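**Q** Quick one, what's the 3D model for this:
(one chain, ligands or ions: 1)
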Amino acid sequence: MVSRVIPVDPFDLVIFGGTGDLARRKILPGLFRRYCAGQMPKDARVVGAARAEMDDADYRSMVGEAIVEFSVRSDVDQGKLTAFLENLSYVAIDARGENGWSELAQHMRRKVVRAFYFSVAPGLFGDLAERLNNHGLTDDDSRIVVEKPFGRDLSSARQLNQDLAAFFDEGQIYRIDHYLGKETVQNLMAVRFGNMLFEPLWNSQFVDHIQITVAETVGVGGRGEYYDKSGAMRDMVQNHLMQLLCLIAMEPPARFDPDAVRDEKLKVIRALEPVEPHHIVRGQYDADPTDPENLPNYRTAVENPTSKTESFIALKTHIANWRWAGTPFYLRTGKRLVARSSEISIVFKDTPHSIFGEEAGRHRNVLSIRLQPNEGIKLGVTIKEPGPGGMRLIDVPLDMTFADALGPDGAENVDAYERLIMDVIRGNQTLFMRGDEVEAAWAWTDPIIEGWTNRGDVPKPYDSHSAGPDAAAQLMRRDDRDWREVTP
Ligand code: NAD
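**A** Have a look, this model is predicted:
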């Protein structure tokens, strides 16, 4: 299957923080792949803007090395890489001062889409917005892209929204949550709203519960200082898991357009119930004595021997509306777990009566949507175990894994960043968070964090390479349910 690539309009993309980790690992390799795919027009220009002093040639060589290092495919086409790098230039700039701004203005062309990617610390968002405006670098059609973390609580998120709103309309602001750029996340919407099969069952009458797991094998790595001030709730739940929950739980939007989708997501966040303290389990990873790399435990990794920040969280919440009343949503995410795996599972209820008797056991349909690795969707159905010997039931997956169903080209793994950057140029905000959504998500998150802070809650230790603290399993077992296994 050959995928259709429609080139976007010519653009000037300025990457503030163009020498940083995110730009080198994700943004620039992503742009290169879109260039190779023929989606980035030949006259598109990319300007790196950051603090370091360097010229265009230095920047091109730095980006070239990054693309080779971080490309998903090992065989980078040198000819294409050289041609791509020709479109790059560099400006040394100070977000908080005047240095570099007039030079940047000289790089910008008229009559092309102008996009400004703020790949810098959020503390600089307001400074950049103000200087872009003061130096006349933007017009009504210019777009800005901002990275997470978008605030650390409701008041800081409000402040960031106000700082940006002083110079840009909401329709110009693209708040990235790269989970929304994943192929399977969009496929989730296609499966829900493109088929008659699922939507009639998509409610508390037929769904027993929903679980969302985002498990990482890595620890905090070099991000210890940032992470210890944040923790799994702020770093993962408030944004990524919340966005996934919204897409599962929202009502069908009238159209697949940005505000129709985001209005429905917002209603879900506003209907989330507060989380009871005994429905939250927080954990911190221990070192693994058998680990040949001898990686440190959480507190050593963040250099804070008394840290109370969680590297794992599991919680149960409810959505107070007609569709979902009584259906629990279980969320779980953590670092240094047994496998890297992100999965959403819709677990349907038991059949009302088993004609096969109790010995047939409990069989439930599960729709599992896998975001990484091996993106795909599987529906667990119950069938008869083949062969003689009576009626024994087994569960088998109806597999909609893209690589199998569509062939290797159909499953071409377009990285979330590639898709999202192209959406910015196309002016499509559907997969970006709106300001009111982010604020509503913090409004739900803040009291939970305040609650455990006021209680002096200390996270429970858990073994590295495990599924998290035992208490997380208990959270489910108390309800006569189980987490699905975390498998690679
Ligand atoms: P980084 O520290 O590697 O790079 C920061 C960049 O900002 C550098 O290019 C630096 O020159 C530039 N910069 C700093 N101060 C400046 C100033 N006063 N004026 C102009 N430029 C300045 O950071 P990063 O890891 O690339 O992250 C960038 C942003 O993206 C952060 O907000 C981070 O939280 C977010 N983010 C990063 C990742 C990731 O994987 N690295 C993932 C998600 C979100």
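**Q** Near the ligand, which residues of the stretch 101-250 of the chain are found?
**A** Proximity of the stretch 101-250 of the chain to the ligand is confined to 119-122, 124, 147-149 under the rule CB under 6 Å from any ligand atom. Quick note: C-beta positions are derived from backbone N, CA and C, even for glycine.
**Q** Between all of the residues you listed, which two are at the greatest distance?
**A** Farthest-apart pair in those is 124 and 148; separation 14.2 Å (CB to CB).
**Q** What are the buried residues along stretch 332-343?
**A** Neighbour counts over stretch 332-343 (16 or more other CB atoms under 10 Å) mark 332-338, 341-343 as buried.
**Q** oh, I was asking about stretch 363-371
**A** 363, 365-371.
**Q** In helices only, show me those residues.
**A** Using DSSP state H, the subset of these located in helices is empty.
**Q** Nearest to residue 287 among those residues?
**A** residue 371 (28.4 Å).
**Q** Please name the nearest non-neighbouring residue to that closest one.
**A** residue 342 (3.9 Å; CB to CB, 6 or more residues apart in numbering).
**Q** hang on, the one you found in a strand?
**A** Yes. Read with DSSP: H, G, I helix; E, B strand; the rest coil, residue 342 is one of the residues of a strand.
**Q** Tell me what it is bridged to.
**A** Going by DSSP bridges, residue 342 is paired in beta bridges with residue 214, residue 372.
**Q** In contact with it, which residues are there?
**A** 213-215, 370-372 (CB atoms under 8 Å, 6 or more residues apart in numbering).
**Q** Smallest gap between the stretch 251-400 of the chain and the ligand, at which residue?
**A** Using CB to the nearest ligand atom, the single residue of the stretch 251-400 of the chain nearest to the ligand is residue 335, 14.2 Å away.
**Q** An error on my part: the question was meant for the chain.
**A** residue 20 (2.3 Å).
**Q** nearest spatial neighbour of residue 445, skipping sequence neighbours?
**A** Closest to residue 445 by CB to CB, 6+ apart is residue 238, at 4.5 Å.
**Q** ok, the closest residue to the residue of the chain closest to the ligand other than its chain neighbours - contacts?
**A** Among residues not flanking residue 20 along the chain, residue 119 sits closest, at 5.8 Å (CB to CB, 6+ apart). By CB under 8 Å, 6+ apart, the contact set of residue 119 is 15-18, 20, 22-23, 27, 147.
**Q** Against residue 125, how distant is residue 119?
**A** 11 Å (CB to CB, to the nearest Å).
**Q** low-confidence ranges in the stretch 351-488 of the chain?
**A** 401-413 (pLDDT under 70).
**Q** right, I mislabeled it, should have said the stretch 1-150 of the chain
**A** 1-3, 73-74.
**Q** Send over stretch 10-24 as PDB, restricted to the C-alpha atoms.
**A** C-alpha atoms of stretch 10-24 as PDB (Å, rounded to 0.1, in the frame of the first residue of the first chain):
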ATOM      1  CA  PRO A  10       5.800  26.900   1.700                       C
ATOM      2  CA  PHE A  11       6.800  27.900   5.200                       C
ATOM      3  CA  ASP A  12       9.400  29.600   7.400                       C
ATOM      4  CA  LEU A  13       9.800  27.600  10.700                       C
ATOM      5  CA  VAL A  14      11.800  29.200  13.400                       C
ATOM      6  CA  ILE A  15      12.900  26.800  16.200                       C
ATOM      7  CA  PHE A  16      13.700  28.700  19.300                       C
ATOM      8  CA  GLY A  17      15.900  26.200  21.200                       C
ATOM      9  CA  GLY A  18      17.100  24.900  17.900                       C
ATOM     10  CA  THR A  19      20.300  23.500  19.400                       C
ATOM     11  CA  GLY A  20      18.500  21.700  22.300                       C
ATOM     12  CA  ASP A  21      17.800  18.100  23.000                       C
ATOM     13  CA  LEU A  22      14.300  18.100  21.700                       C
ATOM     14  CA  ALA A  23      15.100  19.900  18.500                       C
ATOM     15  CA  ARG A  24      18.000  17.500  17.800                       C
END
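**Q** per the record, what domains does the chain have?
**A** 11-147, 180-415+433-477 (automatic domain parsing).
**Q** quick one: contacts of stretch 189-199?
**A** With CB under 8 Å, 6+ apart, stretch 189-199 has contacts from 202, 247, 252, 256, 367, 369, 377, 400.
**Q** Thank you, goodbye.
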